[in-house]
Every structure is written in structure tokens, then in C-alpha cells.
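Q: Turn this into a structure:
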Amino acid sequence: MKSMLNYFLLFLLLCFLLASPVQAQDSVAVLEFEGAGGSDYHSAAANSLTNILMDLGRFDVISRSEVDRILEEQHFQVSGLVDEDTASEAGGILGVEQVFTGNIDKLTTSWSDGEYSGEAKVTIRLIDIETGTILQSFESTGSGSGDSRGEARSSALSSCFDSSLRSQLREVFAISSFVIRVDEEQVDLLGGSEMGISEGQRYYILRPEEYGDFTRKIGMVEIERVSGDRSRSEILWSSEEIKENDLIEEIPYSRRTATHVEASLSSYEFSNGEDKQSDLMPGLGLRIMREKVFDYEYGGVFSFARSEGINRLQLGGEGSYEFPLSRGRLHLLATAGAGGNIVSQSYSGYGINEDESGTAWGTGFYGSLGGGLKYYLDYDTGARLNLTLTGQLSSTISSWEDSDDTEVTNYVDYQEADFSGLGISFGASIPLAF
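A: Numbering: from 1, shown residues only. As a prediction, this is how the structure comes out:
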């Protein structure tokens with residue numbers, strides 16, 4: 001019985017590997033790019049793609065120097081637009097199963113604001129050597145800047161091979177396998193470094209529906225340890241008990257963008273001589289964050305608050321770490337942030353006729369530390385709810401100027417504004433698709 005189970009596991013693994021466009025043991029080569037720009041740009045693009053493929057670990061990649069050496073020995077030259085027949089012939093000489101070809105569709109520069117700006121676009125194709133057919137096609141665009149045209153073009157071309165292209169490749173050539181062992185909070189997967197699995201990667205746990213060819217997600221794991229033919233992972237969340245023979249599917253991205261909206265109450269103290277006013281200031285905030293779900297996030301913060309005739313605009317950066325209380329659902333938050341306050345209030349009675357009025361401005365800096373709770377409504381794909389208590393240390397704003405940079409401190413209602421103290425916020429965030 002045990003022998004039959006082993007054969008069944010091996011059969012399933014073979015089926016999933018064959019379903020992938022490229023298997024981990026497939027050998028591939030990257031041919032010189034063609035298109036816009038000279039040979040230096042073509043070589044740089046081919047080298048960048050080769051490095052990405054090597055880092056992914058999905059392929060047995062022939063180095064660029066070896067590709068050049070073999071083709072030169074065989075007196076085979078690739079020039080002009082590489083078609084499927086030429087790629088197949090080159091792949092046959094190199095002894096690989098697939099060949100990546102590329103074309104630089106756009107490589108331009110323009111002059112603006114004292115520097116050159118570059119724009120680039122590349123098209124990448126994967127060609128099967130045996131059939132000569134295009135298996136996959138990718139497009140990527142990039143931009144950059146520099147002190148010269150060459151720097152701007154190189155920067156733009158390099159940005160075509162950023163994390164976006166890596167995510168495209170990881171998604172198309174995602175690793176699939178299945179669970180071979182479950183032990184409390186750990187799951188062992190069939191497949192390891194030889195298959196392209198590495199520490200830190202994340203996988204969905206899938207279970208086939210009782211009828212039909214569909215599957216449903218029942219969990220997520222993160223790889224902790226890798227050997228040659230198996231991997232050990234930690235369970236990040238599970239809606240059902242994970243079992244042996246459950247399927248796994250690689251998650252192609254490690255971080256993504258999320259937008260967060262929150263309502264807040266924060267303490268303040270305004271004073272004008274002996275007159276002091278202390279209370280809570282209501283506000284609204286918007287954050288655009290990069291997140292690694294269940295782990296951390298960081299990004300920019302914009303908030304607006306108003307009380308007692310004073311408006312506060314807060315701009316800064318913030319980051320947070322998460323500690324699971326209930327896996328995939330309730331997490332403890334530790335936050336930190338820093339930035340600047342731009343504050344305004346009305347002034348009057350200034351000028352020759354002492355009847356001038358307008359808006360006075362002041363600026364200051366702040367730093368904050370906080371903690372709270374984060375609740376995931378639908379694990380990693382749904383909205384999140386945050387409740388956070390924050391302590392803020394802020395510089396006291398005691399100098400006010402009008403729009404002409406003239407000091408009007410003596411003509412405002414409150415000469416000093418201090419936003420140090422405690423605050424509480426409640427908000428919701430939504431993960432975006434990029």
C-alpha cells in the first residue's frame with residue numbers, strides 16, 4: 001500500500017511539472033538583443049535578462065560568455081530581427097530546449113530641467129527549439145535620467161528589467177508541487193533547490209474540488225528551509241486543515257501596493273501668552289504603502305486635521321511590523337513614523353492701515369511610535385482594518401509668516417502650536433493589483 005502511494009505521489013508531481021511552460025531542469029539560452037541602440041545596449045539587455053533567469057532558479061541557464069563562445073566557434077551569427085527559425089537553429093547549436101530572444105523596441109532621450117530623461121521598451125519571447133513556436137511573450141517599459149544621453153538610456157533600459165518583469169516571469173513559470181508532510185504549524189513540500197524553490201518564497205495551498213477541474217485556496221505557507229528535493233514551510237494561514245497531497249502554487253509577488261484611509265483623533269496644545277487651549281483634533285489620513293502581507297509595510301502618509309481655527313497638514317513616512325495573534329486574521333502592530341507639519345491659521349490687524357488679513361503659515365517636524373491591532377477580513381486578498389494608538393513628539397511651532405514670508409506672529413490667535421501627545425486612529429486598507 002505504501003509503495004502504491006509513493007507511485008501516486010510521483011505521478012502527481014510529474015503531471016504538475018509537465019503542465020508548467022518550462023521545467024526547472026530545462027536548459028535555456030538568451031540570444032543577443034536586437035532593435036534600437038547599439039551593440040552595447042543589446043548586450044546589456046541580454047545580460048540583464050540572463051541574470052534574472054539565473055536568480056529565478058527555474059532554468060539551467062547557459063552564461064552569456066558561453067553562448068557567444070559556442071556560436072562563434074560554429075561561425076553562427078545572429079543579426080537583424082531574430083525569427084523563430086533562426087532561434088531554433090541557434091538553440092540546436094547551443095544544445096538547449098528553449099531560447100529567449102529580445103528586441104529593444106524603444107530607446108529615446110529628451111532634455112528637461114537640466115538633465116536627460118530616457119524612455120525604453122523591450123519585447124522578450126521564449127521560443128521552443130523543437131517546434132519553433134513562441135511559447136511566451138513579455139513586454140516591459142522603463143524610464144531613467146542622467147547627465148548624458150548615454151546615462152539616461154542605460155538607466156531607462158535597466159529599469160525595464162526591474163521587479164515588474166521578474167514578477168511576470170515568476171507568474172508564468174510558477175512552481176507547482178504538493179504537500180508530503182504536515183506537522184502542527186509546519187508543512188513539507190515535495191521539491192527543493194533543484195526545482196527552484198528558495199527560502200522566503202510563499203505558496204498557496206490548494207485543494208481540488210470534489211467534482212471538476214477547479215481548486216480552492218485553503219492556506220498560505222512561507223518557505224523556511226530548503227534541501228535538494230524537499231522544502232519545509234511555516235503556515236501563515238489556513239481555512240481548513242492542510243493534508244498530505246494538497247497542491248501548492250507559487251505566489252509570484254513578494255510585496256504589493258495597498259492604499260489605506262483612516263480617521264483619527266490626536267492631542268494638541270495651542271497657546272497665546274497665558275491663554276492655552278488643549279483638546280483632541282479630528283483628522284483624516286491617506287497612506288500609500290508597499291506591503292509584505294502578514295509581515296510589514298512602509299510608505300508615505302498624508303493627513304489633514306482642523307481644530308480651533310488651525311489647520312494641520314502632515315506629510316511623512318511610516319512603517320509597521322506585524323506579529324500574529326491569530327494566523328491570517330488578527331495581528332499585533334508596531335508602528336514608527338516621521339515627517340513634517342505644515343500648519344495654517346488666520347491673521348488680521350497687520351499693515352500700515354492695520355486692516356490687513358490673510359493666512360499665516362508655520363512648519364515643524366514630528367516623530368511617532370505606536371501599536372495596535374490589524375484584522376484581515378479575507379486573509380491576504382481582502383480588506384484590512386486597523387486600530388492604532390500612537391505617541392507623537394512634535395516640535396512647537398512658534399513663528400508664523402504670511403504668503404510674502406513676512407512674520408505675523410503677533411497678529412494670529414495662537415502664537416504657539418504643539419502637537420505632541422497621544423492619538424488614536426481607525427482605518428481600512430485595500431491591497432491593489434500592482
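
Q: would you list every one of the helices in this protein?
A: Counting by DSSP state H, the chain has helices at residues 2-19, 39-56, 64-73, 84-94, 149-159, 163-172.

Q: beta partners for Trp111?
A: Tyr116 (DSSP bridges).

Q: Pull out the buried residues from the longest strand that the chain contains.
A: Using DSSP state E to define each element, the chain has its longest strand at strand 356-380. By 16 or more other CB atoms under 10 Å, the buried positions in strand 356-380 come out as 358, 360-362, 364, 366, 368, 370, 372, 374, 376, 379-380. No exception for glycine: its C-beta is placed from N, CA and C like everyone else's.

Q: Centre of the chain to that strand, how far?
A: Chain-centre distance of strand 356-380: 23 Å, with CA atoms, centre = their mean, to the nearest Å.

Q: and that strand, what does it pack onto?
A: Under the contact criterion of 3 or more CB pairs under 8 Å, 6 or more residues apart in numbering; DSSP states H and E, strand 356-380 touches strand 230-238, strand 310-326, strand 330-350, strand 384-394.

Q: the inter-axis angle of it versus strand 330-350?
A: For strand 356-380 against strand 330-350, the angle by axes from the mean of the first three to the mean of the last three CA atoms, to 10 degrees is 170 degrees.

Q: Let me see the mean pLDDT of strand 356-380.
A: On average, the pLDDT along strand 356-380 is 94.

Q: Could you do stretch 410-418 as well?
A: Here the average pLDDT along stretch 410-418 is 92.

Q: before we move on, what about stretch 180-198?
A: Mean predicted lDDT for stretch 180-198 stands at 88.

Q: For Arg255, see how far away the closest residue to Thr388 other than its chain neighbours is.
A: Leaving aside its sequence neighbours, Thr388 sits nearest to Gly372 (CB to CB, 6 or more residues apart in numbering; 3.4 Å). Distance of Gly372 to Arg255, computed by CB to CB, to the nearest Å: 21 Å.

Q: Find the nearest non-adjacent residue to Gly200, please.
A: Nearest to Gly200 is Ile223, by CB to CB, 6+ apart, at 6.3 Å.

Q: can you pull the contacts of the one you found?
A: Leu189, Ile197, Ser198, Glu199, Gly200, Gln201, Arg202, Tyr203, Ser231, Arg232, Ser233 (CB atoms under 8 Å, 6 or more residues apart in numbering).

Q: so how far is Ala383 from Leu265?
A: On the measure of CB to CB, Leu265 and Ala383 end up 22 Å apart.

Q: An error on my part: the question was meant for Asp113.
A: Taking CB to CB, one finds Asp113 at 40 Å from Ala383.

Q: So between these two, which is more surrounded?
A: Per other CB atoms under 10 Å, whichever of Asp113 and Ala383 has more neighbours is Ala383, with 13 against 6.

Q: got the contact list for that one?
A: Leu377, Ala428, Ser429, Ile430.

Q: And these, which of them are buried?
A: Ser429.

Q: Export the contacts of Ala383 as CSV, with columns for distance to Val412.
A: Output for those, formatted as CSV (distance: CB to CB, whole Å):
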residue, distance to Val412
Leu377, 45
Ala428, 36
Ser429, 37
Ile430, 40
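
Q: and which of the contacts of Ala383 is nearest to Gly309?
A: Of all the contacts of Ala383, Gly309 sits closest to Ala428, with 29.9 Å by CB to CB.

Q: For that closest one, give the beta-bridge partners.
A: As for beta bridges, Ala428 partners with Val261, Leu385 under DSSP bridges.

Q: How about the contacts made by it?
A: By CB under 8 Å, 6+ apart, the neighbours of Ala428 are His260, Val261, Glu262, Ala383, Arg384, Leu385, Asn386.

Q: hmm, back to that, spatially, which two of the buried residues of strand 356-380 are the most separated?
A: Largest separation among the buried residues of strand 356-380 by CB to CB: Gly358 and Tyr379, giving 51.9 Å.

Q: Look up how far Glu241 lies from the closest residue to Ser344 other than its chain neighbours.
A: Spatial nearest neighbour of Ser344, chain neighbours left out: Asn311 (4.8 Å); criterion: CB to CB, 6+ apart. Applying CB to CB, the value for Asn311 to Glu241 is 54 Å.

Q: Look at these two and report which has more neighbours.
A: Asn311 (16 against 9).

Q: For that one, list each beta-bridge partner.
A: With DSSP bridges as the rule, Asn311 is bridged to Arg306, Ser344.

Q: Tell me how the protein divides into domains.
A: According to automatic domain parsing, the chain comprises the domains 18-171, 174-250, 256-431.

Q: Quickly, which of those domains bottoms out on average pLDDT?
A: When I compare the domains of the chain, domain 18-171 is least confident, with a mean of 84.

Q: Alright, that wraps it up for me.
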